[in-house]
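S.K.: Predicted model and sequence follow; I will ask about them next.
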Amino acid sequence: MAKGKMGSSVKHDVIAAEDVITSELTRGERALDLVWRSWLFIFLLGLIVFFWSQTPANSFLTGSNFKLIALNTSEVILLAIGETFVIVTAGIDLSIGGILLIAGTCGGKVMLALSGTHAQVQMGLYPHATTAICVGIAVCIVMGTAWGLVNGLLITLLKLPPFIVTLGTLGITFGLSDLISGGTNFFAPVPPSFTDKIGNGTFLGLYVPIWIAIFFLIVAHIVYHHLRFGRYTAAVGSNEEGARRTGIAVNRQIVKVYALAGFLAGSAAVLDLAIFTNISRASHSSDNLNAIGAVVIGGTSLFGGVGTIIGSAIGAFIPTIAQNGLVIMNVPSFWQEVLVGVTIIFAVYLDQVRRRRSSK
Amino acid sequence: MSRRLVALIVVLIVGTGAITTTFAFASSNAAKAPSSAKKPSAKISITLVAGITTDAFYLTMKKGAAAEAKKEGVSFTYTGSPAAFSPPTQIPFLNATIARHPSAILIAPTDKSALIAPIQRAIKAGIPVVTVDTLITKKIALSNVSTDNPAGGRLAADALAKAIGSAGGDVGIMATTPGVSTTDQRIAGFRSELKKFPKLHFTSIQYCNDDTPTAARLTSALLAAHPKLAGMFAVNVKSGDGVTSAVQAAGKSGKVKLVEFDAGPPQVAALKAGTVDALVAQYPYGIGQLGVQLAVKWIKNDRAGIKKHYGTPSAVITKANINNPKIKKFIYTP
């Protein structure tokens, strides 16, 4: 049993016993607890300060650079939010990259098919772009949610481990996407207005995908920390049997959580199409590991029951900031992988120590 | 309990320390590299953003660009994704390069359309851009330097026809991804030239996403599907490596004639061993040289003679001519 990260965990009835432990802490321990909770934020700031000091003036620490870093991180943030909910139930979703790819492939194909005749689109004309874009977005989201549902139903109905089910659907979705696309890119880019308005469009100085990520972050934070859905999710992951006995429909909750992860992967597919005008398998084969890495760095426990949405967002930023900073420093970007690996191990170690302490 | 807390604090400090040391080491490495970055206005600096940094083609281009940069007295850096040839992996490297603000950027765009907006951002930030090897459909780069790809494709078809001889048979193509300007043109050139040989029958084109193991798997499948397969054309280094290994594994070396674009070390070794019959080599070293030359001219305001496009030559390498000094300069040296 572990303790919810935010103060609002008082509401988590099932794990309320943990808060008794918190209240018994001495002042010194409470101070340490604060450091614990905020180590990631301190680490992020340290990283930024480090790169700032090691790069030429007006290169790393500029508004335009951070806007682009955020743009590059927006997709991972959506995936990491979904993965956070899944991991809080003590599950795992390896299939999100595949779901993203199949949702984006279908959505993009529909978008191109509805934009105009094949010949028109090939010449760069998109007479029915607006309708095509709306339908294409809907297809992405429906497709993503549907595959999430498939995951949830297989896990609960067949009582299979999430690791195996989602490993299976990862292969299925990758394979089906390649079948649908012929393993290739689209014959033309998605309508330029989609790219201009959403992918590279700006609103109040920030790129639209960043706003979309911020919107999902706020909603997910509220849902996770303040609404029943979040409480039930944590309860299921903390103690499944206990949750069942208190009357929570555990299976239905698990199905909903995987559907949510699928929905977010579908939404990420919309961003992918809008930003990159096309969708390619090569760049999504490690989406699942990137998202899981972000969630784990963010402080969500792989054993379930404990998680934070904001932590996952910060966790998503660490690899992209490190990559950007290292390139500006003119250091081989291979170091980024080393840094992220060290950070993941450190984050999980912290989680382990915390669990051992709180179970005393 | 308290001992544990002390242990944790120690871990926190040591962990942070370890990471910092890692970085300190990394930054000391950086200091050894040309560090004109500290005073960007003082010296001309040029960055090459490769399609995929680990490819022999781009590594050779890097050599040519670095040699030319040294000659011109400008600083040079090389960057790009080591993992994949795709816009989502390339764009973060371009963005970071823009933040670094070099005097000019040479880039091999990984997609005709996806890279338009990011390249536009570089130009907006006041950095001139030369596209090398591949291009984008909107003509915003100051120039494009690339192989005459349609001609290269035609050369490949001629070489394959010569290797197969009068018997004829089925012919397949191993490509990377559609939407990449260079390989699209090679394929178009190859297919139009192939029509001149009535005994050669085109079967199918496979896309391996610029991944060697995928190319090998697809080739194995093609070999099984088309027993009369007499020849294959592979459009670049990675697809060529996969085709070669699959044909070897199937024990069909020599029976299935292979012509491949590019001349990296594995291709040259395969050519010498007789697994590959001919290579159509581009001139990446020359592309890198010319790209840097054009960028420096542009920065020094000597812009009058710069054309929008420069084609660089390619050469057909066979076992017979590989030791010819005129041909040798086309072999890639990563």
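M.R.: Sure, I can see it.
S.K.: Report the contact partners of the most centrally placed residue in chain A.
M.R.: In chain A, the centroid-proximal residue (Cα atoms, centre = their mean) is residue A:80; its distance is 1.6 Å. Residue A:80 sits next to A:291, A:294-295, A:298, A:312-313, A:315-316 when contact means Cβ atoms under 8 Å, 6 or more residues apart in numbering or on different chains. C-beta here means a position set from N, CA and C on the backbone, and glycine is covered the same way.
S.K.: and of these, the nearest to residue B:183?
M.R.: residue A:291 (31.5 Å; Cβ to Cβ).
S.K.: Helix, strand, or coil at the closest one?
M.R.: At residue A:291 the chain is in helix, as set by DSSP: H, G, I helix; E, B strand; the rest coil.
S.K.: List the contacts of it.
M.R.: A:76, A:79-80, A:82-83, A:96, A:316.
S.K.: ok, 10 Å please
M.R.: For residue A:291, the contact set (Cβ atoms under 10 Å, 6 or more residues apart in numbering or on different chains) comprises A:75-84, A:86-87, A:93-94, A:96-97, A:100, A:261, A:264-265, A:268, A:312, A:315-316.
S.K.: the strands in the stretch 51-200 of chain B, which residues?
M.R.: Counting by DSSP state E, counting those that start in this stretch, one finds strands in the stretch 51-200 of chain B at the ranges B:75-79, B:104-107, B:129-132, B:143-147, B:169-175, B:200-207.
S.K.: who are the neighbours in contact with residue 157?
M.R.: Let's take chain A. By Cβ under 10 Å, 6+ apart, the neighbours of residue A:157 are A:251, A:255.
S.K.: The intended chain is chain B.
M.R.: B:171, B:189-197, B:200, B:231, B:233, B:259, B:280.
S.K.: how about the closest residue to it other than its chain neighbours, what does it touch?
M.R.: In space, residue B:157 comes closest to residue B:193 once its chain neighbours are excluded; the distance is 3.6 Å by Cβ to Cβ, 6 or more residues apart in numbering or on different chains. For residue B:193, the contacting residues are B:150-151, B:153-158, B:160-161, by Cβ under 10 Å, 6+ apart.
S.K.: Same question for residue A:178.
M.R.: By Cβ under 10 Å, 6+ apart, the neighbours of residue A:178 are A:101-102, A:105, A:184, A:281, B:207, B:209.
S.K.: Quick check: it is in a strand.
M.R.: No: counting by three-state DSSP, residue A:178 falls outside a strand, being helix.
S.K.: Which secondary structure state is assigned to the residue nearest to the centre of chain A?
M.R.: From three-state DSSP, the assignment for residue A:80 is helix.
S.K.: thinking again about what came up before, and the furthest pair within the contacts of residue B:157?
M.R.: B:195 and B:280 (18.4 Å).
S.K.: who's more crowded, the two?
M.R.: More crowded of residue B:195 and residue B:280, by other Cβ atoms under 10 Å in any protein chain shown: residue B:280, with 31 against 10.
S.K.: Is the more buried one in contact with residue B:156, as I believe?
M.R.: Yes: using Cβ atoms under 10 Å, residue B:280 is in contact with residue B:156, at 4.8 Å.
S.K.: shared neighbours of the two, which are they?
M.R.: B:186, B:190, B:233-235, B:259-261, B:314, B:316.
S.K.: Among the residues you listed, which lie within strands?
M.R.: Among the shared contacts of residue B:280 and residue B:156, the residues falling in strands (DSSP state E) are B:233-234, B:259-261, B:316.
S.K.: quick one, what contacts the residue lying closest to residue B:114 once chain neighbours are set aside?
M.R.: What sits nearest to residue B:114 in space, not counting adjacent residues and going by Cβ to Cβ, 6+ apart, is residue B:87, at 3.9 Å. Applying Cβ under 10 Å, 6+ apart to residue B:87 gives the contacts A:272, A:275-280, A:282-283, B:81, B:94, B:109-111, B:113-115, B:118, B:179.
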